[in-house]
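Colleague: following is a predicted model, sequence given first.
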Protein chains: 2
Amino acid sequence: MELSATAKVILGMLAARPRSGYEIKTLVDSSARFFWAASYGQIYPELKRLEGAGLITGADAFQGARQRTVYKLTAKGTRAARDWIQRPPETFELRDEGLLELFFAGSIEPARSAEIARERAARASAVAAELRSVEREIEGRHQAEGPEYSPDAGSLTVLKYGIEMNEWAAKWFERAAEDLEREMPEAA
Amino acid sequence: MELSATAKVILGMLAARPRSGYEIKTLVDSSARFFWAASYGQIYPELKRLEGAGLITGADAFQGARQRTVYKLTAKGTRAARDWIQRPPETFELRDEGLLELFFAGSIEPARSAEIARERAARASAVAAELRSVEREIEGRHQAEGPEYSPDAGSLTVLKYGIEMNEWAAKWFERAAEDLEREMPEAA
DNA sequence: ATCAGCATGTAAATGGTTACATGATTAT
DNA sequence: ATAATCATGTAACCATTTACATGCTGAT
């Protein structure tokens, strides 16, 4: 059972409970976008494909006259999700223009190295803060609406990783910026 | 001057000195692949495009009868590279299947969470070790062949970031695996 | 002689984003 | 009223990978 990248997010999102394509998209944007993105142009066609393959089934769930299709996993889909999660991960892709600029700064515009490192530190701080606010929001919902809204250990671990790794990176790049400045006093 | 992703790596690589497409590819693979990839299918057509736009010029540099074209930056190309590096970075993309699995493990196969975290720790360790060996190789070349082979501060900073961040992540995921195991003793 | 590595290139397929089109509902 | 948000979908475009094709050179 070959699963596309998008199929993996969809099966994962439907494992917790049935959802519409729109819901999947907003959830991906609010909780997984930092390490895995998906657009409507991928999600809707993939939902059709997964239904065709018998991994999910869609049911009309009109809200008044507003069209809505809620999908849920079939037994086969549940098995496919379990199989996927038992396999070691294949995809790891990073495309980071900030690191590329820093990588080349030495031979193109040495004076900018420190500046790039400082920008990177600020960016890491901002991401950490954003993820911290997601964390607070989850905790708030948990307190207000009871334990059935508590996320599982795995997704909390991923969130904490995002926060702590960005905080670490912010400190690291701040220090790197200072070092780079000291190395070229002509530019200061 | 809009530069494609591939144009950026090429201009950066040619800023240090003239190189062939093949050389650019091997350099990307050995030093930038961890945060920026490029395939032949991108590099060769892009070299032609950049030459057409007057940012680089190619010169035949036959090695016997073996065809070889070495490209170098034009004045316009140097300016384009400088402009690019002065702009704040745009692209940041991460697609990490390991984190996605961990994210969903709780609702699909909770017993695997700790295992995934441990695999992630091992992966981070392996990447750190690989980058450490790149670092040693650079230091060796520096000692043996003199300072003209010493890489600039920026690319060294990126390399150190790769090493230290992966070492940090290895420790972090190892600890997370222990925590996840403690949280579900039934699975142990 | 043969294989690994140097060297260039392209075609097909895949994967993904963006923009557009359409319409309902809810809150201001 | 009107804007924001819910909701689904597709077509055009762009980027990227993979596989293939070709041939030279140096080492074993």
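Modeller: Sure thing, it's come through. Numbering: from 1, shown residues only, chains lettered A, B, ... in the order given.

Colleague: what's around A:Gly98, how many residues?
Modeller: Using other C-beta atoms under 10 Å in any protein chain shown, A:Gly98 is surrounded by 21 other residues. The C-beta positions use only the backbone N, C-alpha and C, and glycine is treated the same way.

Colleague: I misspoke; the intended subject was A:Thr157.
Modeller: When neighbours are counted by other C-beta under 10 Å, A:Thr157 comes out with 28.

Colleague: that one belongs to a strand?
Modeller: No. Using DSSP: H, G, I helix; E, B strand; the rest coil, the assignment for A:Thr157 is helix, not a strand.

Colleague: list the contacts of it.
Modeller: B:Leu102, B:Ser113, B:Ala117, B:Ala176, B:Asp179, B:Leu180 (C-beta atoms under 8 Å, 6 or more residues apart in numbering or on different chains).

Colleague: could you rerun that using 7 Å?
Modeller: Going by C-beta atoms under 7 Å, 6 or more residues apart in numbering or on different chains, A:Thr157 touches B:Leu102, B:Ala117, B:Ala176, B:Leu180.

Colleague: so the third one sits right up against B:Glu115, yeah?
Modeller: No. With contact taken as C-beta atoms under 7 Å, B:Ala176 and B:Glu115 are classed as non-touching, separated by 11.6 Å.

Colleague: looking at these two, which is more packed in?
Modeller: B:Ala176 (26 against 20).

Colleague: poorly predicted segments of chain A, please.
Modeller: Within chain A, the segments meeting pLDDT under 70 span A:142, A:144-151, A:185-188.

Colleague: name the helices or strands packed onto the top helix by length along it?
Modeller: Counting by DSSP state H, the longest helix found in chain A is helix A:113-145. Other elements packing on helix A:113-145 under the criterion 3 or more C-beta pairs under 7 Å, 6 or more residues apart in numbering or on different chains; DSSP states H and E are helix A:97-108, helix A:153-183, helix B:153-183.

Colleague: need those helices in JSON lines (columns: distance to B:Thr91).
Modeller: Formatted as JSON lines, the helices and strands packed on helix A:113-145 follow (distance: least, C-beta to C-beta, whole Å):
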{"stretch": "helix A:97-108", "distance to B:Thr91": "4"}
{"stretch": "helix A:153-183", "distance to B:Thr91": "17"}
{"stretch": "helix B:153-183", "distance to B:Thr91": "15"}
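
Colleague: make sure A:Tyr70 is indeed in a strand.
Modeller: If you look again at residue A:70, you'll see it is Val, not Tyr. Yes. Residue state for A:Val70 (three-state DSSP) corresponds to a strand.

Colleague: returning to that earlier point: neighbour-wise, which one of the contacts of A:Thr157 leads?
Modeller: B:Leu102 (31 neighbours).

Colleague: report the contact partners of that residue.
Modeller: Contacts of B:Leu102 (C-beta under 7 Å, 6+ apart): A:Gly154, A:Thr157, A:Val158, B:Ser113, B:Ile116, B:Ala117.

Colleague: with A:Ile85 instead?
Modeller: B:Glu101, B:Phe104, B:Ala105, B:Ile108, B:Glu109, B:Arg112.

Colleague: of all the helices and strands packed on helix A:113-145, which one is nearest DNA strand C?
Modeller: Closest of the helices and strands packed on helix A:113-145 to DNA strand C is helix A:97-108, at 13.9 Å (criterion: C-beta to the nearest atom of the strand).
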